[in-house]
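>>> Need coordinates for the below:
(chains A and B)
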Amino acid sequence: MTAFDYWSITRGALSTISLSLASIVLGVPLGLALALIRWARVPVLDRAVYSYVSIVRSCPTVTLTLLIFFALPQFGLSLDPVPAAIVALTISTSAFNCEVWRSALIEFPRDQYDAALSFAMPRLTRMRRIVLPQVWRASLPGLVNEMTLQIKSTPAVAVIGIVEITRAALRVGSNTYEPLPPFVFALVLYGVIVYVLLRVQRSIESRMRQGEAA
Amino acid sequence: MPSRFTSRFTSRFTSSFTAVTAIATRPHASARRAVVLTLFAALAASSLGLGFAKPAHAAGADDIKARGYLTVATEDDFKPFEFVDDGKPTGYDNEMLALVKKKLPVEVRQQIMPWPGILPGVTTGKYDMAVTAVLVTPERKNTFDFTTPLVESTTYYATKKGSSIKSGDDLVGKVVGVQTGSAMLADLKAYDEALKKKHGGQGIKQIVEYQSYPEAYQDLGVGRLDAVANTQINLNSLIKTRPDNFALGQALGQPVYIAWAVKKGNTAALQMINAVLFDLRKSGEMYAMQKKWFGASFESMPQSIN
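Reported below is the predicted structural model:
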């Protein structure tokens, strides 16, 4: 493996990171929105969200990616690989995130909500000051868990020509016929990315604990 | 390929809590909240739609000229036809495309992607043409129109050096790898049928289908496969890089042709490219390129194979 091969796999890591980040930044709030729709039992919409989450959770990311990239042009909607990959990854992660948020919302104690009501706290303040901080704390481990899975499901979008870590490693291996070094290097990169993510989670959690103690 | 597990902690968790929801916490779901949430969801959804601007490509000659470009899809791991070296796409097809680009009246927009996406991309109109080694088969002719052939090819098998397989008949009871959805797979299956007729029902033990060839070669190298079926030129290129590991076997099929493919009826793109390819055949530039990449030239190929 030449220095350039290492560089090309590292560049693959940049696209893994940016695609994961984009889908997480879009998918986490989208998941919260979906979970709130179900929590609030918004008529019609909550059935729609229920179906959306069930369908997306049963659909492999590869299949979803192929569908968005190749089937949509037949309806006059042709996406380039990068937006198509972001849409596919976001759709997929939002469904899983919805369930993480929802599990925390279900656990949220109702008496606190009623107490806030009795102080005549406005709806948005109630959400922002009472519900979301606690729901966020309870959801964080699940959300980060989903993020690590999300990072590892990015190779799925290689089918539409995105060169992320695994694809870059495959390319190197198919040129040198030596698959081991590129794949070991790829694993190291995945390890580093997930490690950084877990450090961020730990520092957020310890700051939350400090906030509680104060 | 990675796929998600459905029974993950989230789904397992929530299902055990749904019963609780029914009796306990139920905040007041007012109509106004519904409106706010709908807006939020709609906003989130529309923010995903940023890339949704371009119409699908499917164009006639005038449309292509007016548009000013052709879209093509190329593979990245099919040596010696197309592969990535030091980050740059190269190989026979990429160098031929570079020659074509010089003489083409319109620009060429190339996208590089794995094989499974290429032909679907052409049939769905995502790309005008597959600029990759597409073996011309009768079945594919129903769906695609082909340019003038770029090279001639025959399906062969390769083994590890010093293998006990000396002729095609020795493949009986052996495990053979081949690329999924490829013409070589069809050739191998037909050969298997012929073997079964000849040897009283005994044929190849197992045909293993791969996404792409590097994995198959790796499995041949470590002994999971007894042979790999691919085109003669591809196998020659493999053996040239690894003369100590692999050896070429015998032919499994009839000579066939490799060409670039457009969706059936997309004559505008086809004629535009063909005009240039005919020039390159006449000037001998195509044959020089074949010599460079395959070690042989194929000047007796037919002009048209549709």
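>>> For stretch B:207-217, give the mean pLDDT please.
Mean per-residue pLDDT for stretch B:207-217: 92.
>>> just stretch A:96-104 next, same as before
On average, stretch A:96-104 scores 96.
>>> Any chance you could give me that stretch in CSV, C-alpha atoms only?
The C-alpha coordinates for stretch A:96-104 follow below in CSV (Å, rounded to 0.1, in the frame of the first residue of the first chain):
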residue,chain,number,x,y,z
PHE,A,96,-34.8,4.9,14.5
ASN,A,97,-34.3,8.3,16.3
CYS,A,98,-38.1,8.7,16.5
GLU,A,99,-38.3,5.6,18.5
VAL,A,100,-35.5,6.6,20.9
TRP,A,101,-37.1,10.0,21.5
ARG,A,102,-40.5,8.4,21.9
SER,A,103,-39.3,5.9,24.6
ALA,A,104,-38.1,8.9,26.6
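>>> ok, and does that stretch reach over to chain B?
Yes: counting by CB under 8 Å from any CB of the partner chain, chain B is contacted by stretch A:96-104 at A:96, A:99, A:100, A:102, A:103. Every C-beta, even on glycine, is put in place using the N, C-alpha and C of the backbone.
>>> Please apply the same query to stretch A:142-149.
Yes: for stretch A:142-149 and chain B, the contact criterion (CB under 8 Å from any CB) is met by A:142, A:145, A:146, A:149.
>>> I'd like to know which of the residues you listed are buried.
Neighbour counting by 16 or more other CB atoms under 10 Å in any protein chain shown classes A:142, A:145, A:146, A:149 among these as buried.
>>> which of the residues you listed sit farthest apart?
Taking CB to CB as the measure, these span a maximum distance of 10.8 Å, between A:142 and A:149.
>>> could the residues of stretch A:96-104 next to chain B be laid out in a markdown table, adding neighbour count?
Output for these, formatted as a markdown table (neighbours: other CB atoms under 10 Å in any protein chain shown):
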| residue | neighbour count |
| --- | --- |
| A:96 | 26 |
| A:99 | 24 |
| A:100 | 28 |
| A:102 | 28 |
| A:103 | 24 |
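>>> Which single one of those is nearest to residue B:120?
Of all the residues of stretch A:96-104 next to chain B, the one sitting nearest residue B:120 is residue A:96; the distance, using CB to CB, is 27.1 Å.
>>> what helices or strands is the helix or strand encompassing that closest one leaning on?
Assigned by DSSP states H and E, residue A:96 belongs to helix A:81-107. Secondary-structure packing of helix A:81-107 (3 or more CB pairs under 8 Å, 6 or more residues apart in numbering or on different chains; DSSP states H and E): helix A:3-39, helix A:45-58, helix A:61-66, helix A:132-153, helix B:9-23.
>>> Least reliable of those helices by average pLDDT, please.
helix B:9-23 (a mean of 31).
>>> returning to what we had before: quick one, which of the helices and strands packed on helix A:81-107 gets closest to residue B:146.
Here helix A:61-66 is closest among the helices and strands packed on helix A:81-107 (CB to CB), at 24.4 Å.
>>> So which other helices or strands are in contact with the closest one?
Other helices and strands packing on helix A:61-66, by 3+ CB pairs under 8 Å, 6+ apart, are helix A:81-107.
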